[in-house]
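> Mind folding the following:
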Amino acid sequence: MRGASYLRLSGGNWESGKSWSCKKYSADSYGSAFLFFDTEEERAAAIAAEFDQTCAAFRKAPNFGGEGRIYNRLDYGRLIKWVETHPDLSIPEDIVAAKAADDEAKLEARRVALAAELAGLSQSA
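I've put the predicted structure just below:
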């Protein structure tokens, strides 16, 4: 695995007085360093290691409500996107079980709310 960086020369115009500028880039749009791999196995191992770190961060602050739409928010939807993009990955069982428990808790809260609403409607009728 090798890191890489590159330079970008931004347009100047000597006639109008606009100076040229040179900017160094060494990261992609996610803030990660550009990485190049010699083999597909090295690439897969690096992706798996980064996914494991992401799952560890998710365990510290689980968020089951989002769908991964905001690029800097870590939620269950973001983990699903990882698995869709990299089919060799899978969400760990403890996270899947926590998601099922969260879904069940939300469903039970919805049942209670609907039962209360139905009781309120039957009393007013």
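> other SSEs contacting the helix or strand harbouring L121?
Assigned by DSSP states H and E, L121 belongs to helix 93-124. Other elements packing on helix 93-124 under the criterion 3 or more CB pairs under 8 Å, 6 or more residues apart in numbering; DSSP states H and E are helix 40-60, helix 76-85. Just so you know, the C-beta spots here come from the backbone N, C-alpha and C atoms, and that holds for glycine as well.
> ranking the ones you listed by burial, who's on top?
Counting by mean count of other CB atoms under 10 Å, helix 76-85 has the highest mean neighbour count of the helices and strands packed on helix 93-124, with a mean of 16.
> Give me the below-cutoff pLDDT ranges for this structure.
For the chain, the stretches with pLDDT under 70 are 1-14, 17-35, 66-72, 125.
> ok, now with 80
By pLDDT under 80, the low-scoring segments of the chain are 1-38, 65-73, 124-125.
> The helices and strands packed on helix 93-124: which one's closest to R111?
Checking those against R111 by CB to CB gives helix 76-85 as the closest, at 21.9 Å.
> Tell me what angle that closest one forms with helix 40-60.
Calculated by axes from the mean of the first three to the mean of the last three CA atoms, to 10 degrees, helix 76-85 forms an angle of 170 degrees with helix 40-60.
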